[in-house]
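K.L.:
build the 3D model from these lines:
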Amino acid sequence: MGQTIEGALKIAAKKTNTPLPEYLAKRTAGEKWCYYCRDWHPISSFGKNKRKADGLDASCLNSRKIRYQQTYEPLLPELSRRGQRPGTPSRDGDKAQARQKVNYAVQTGRIPSPNSLPCTDCGHIWTEGERRHEYDHARGYGAESHLDVEPVCTICHALRTNGVEI
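P.N.:
I've put the predicted structure just below:
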């Protein structure tokens with residue numbers, strides 16, 4: 001047998017150590033109990049949580065912020081998810097890391113987008129709707145050459161990849 005709404009309200013009032021009529025009055029006045037700081041706050045002080053019955057978190061935003069600040073530990077650079085962060089050692093032959101480093105360098109503006117440069121092999125200049133340009137690791141994926149790349153169009157990149165010279 002399931003729980004009734006009246007029973008759920010009685011349990012919630014008991015958890016807040018508040019009589020049921022007072023609990024209902026506070027809820028209708030637009031307040032909610034924070035289970036972290038143990039106080040009543042306006043509903044606007046709570047973040048959304050679609051898994052909760054009322055659609056709001058059980059703790060207020062300020063309490064969550066304080067709790068986060070108390071428990072925060074910065075991630076060591078060598079344990080970071082993105083291999084392109086400064087301080088992360090480059091790995092020889094790691095294609096994924098080399099590509100991530102190039103993508104990060106483009107995003108941060110350290111190197112220009114390959115579409116803004118002509119193809120190194122055929123001189124093709126990219127325009128909207130045409131084949132795009134990519135960076136090619138022409139000197140391999142060694143740690144020292146992760147950012148040593150050349151802009152080429154997709155056709156020339158495919159020819160390079162298959163070992164065909166133009």
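K.L.:
domain map for the chain?
P.N.:
The chain breaks down into these domains under automatic domain parsing: 5-71, 79-161.
K.L.:
measure how far the strand or helix carrying residue 6 is from the centre of its chain, please.
P.N.:
Using DSSP states H and E, residue 6 falls within helix 5-15. Distance, stretch centre to chain centre, for helix 5-15: 38 Å (CA atoms, centre = their mean, to the nearest Å).
K.L.:
again, but for stretch 14-25
P.N.:
40 Å.
K.L.:
the residue lying farthest from the centre of the chain sits in which helix or strand?
P.N.:
Going by CA atoms, centre = their mean, the residue of the chain most distant from its centre is residue 21, 43.9 Å out. Under the criterion of DSSP H and E, residue 21 resides in helix 20-28.
K.L.:
residues in contact with that helix?
P.N.:
With contact meaning CB atoms under 8 Å, 6 or more residues apart in numbering, helix 20-28 is reached by 9, 10, 12, 13, 16, 18, 33, 40. Every C-beta, even on glycine, is put in place using the N, C-alpha and C of the backbone.
K.L.:
how far does it sit from the chain's center?
P.N.:
Centre-to-centre, helix 20-28 and its host chain are 39 Å apart (CA atoms, centre = their mean).
K.L.:
stretch 101-110 now?
P.N.:
How far stretch 101-110 lies from its chain's middle: 17 Å, per CA atoms, centre = their mean.
K.L.:
pull the CA atoms of it into CSV?
P.N.:
Presented in CSV, the C-alpha positions along stretch 101-110 are these (Å, rounded to 0.1, in the frame of the first residue of the first chain):
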residue,chain,number,x,y,z
LYS,A,101,46.4,19.5,-27.9
VAL,A,102,45.8,20.9,-31.4
ASN,A,103,42.1,21.4,-30.8
TYR,A,104,42.8,23.2,-27.5
ALA,A,105,45.4,25.4,-29.2
VAL,A,106,42.8,26.4,-31.8
GLN,A,107,40.1,27.0,-29.2
THR,A,108,42.4,29.2,-27.1
GLY,A,109,43.7,31.1,-30.2
ARG,A,110,47.3,29.9,-29.9
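K.L.:
quick check: mean pLDDT of stretch 24-31?
P.N.:
Average pLDDT, stretch 24-31: 94.
K.L.:
returning to that earlier point: which of the domains of the chain sits most buried?
P.N.:
Highest mean neighbour count among the domains of the chain (mean count of other CB atoms under 10 Å): domain 79-161, with a mean of 15.
K.L.:
distance of residue 21 relative to residue 138?
P.N.:
Here the criterion is CB to CB, to the nearest Å. By it, residue 21 lies 77 Å from residue 138.
K.L.:
quick one: the strands in this structure, in order.
P.N.:
In the chain, strands defined by DSSP state E lie at 31-34, 39-42, 46-48, 56-60, 133-136, 150-153, listed in chain order.
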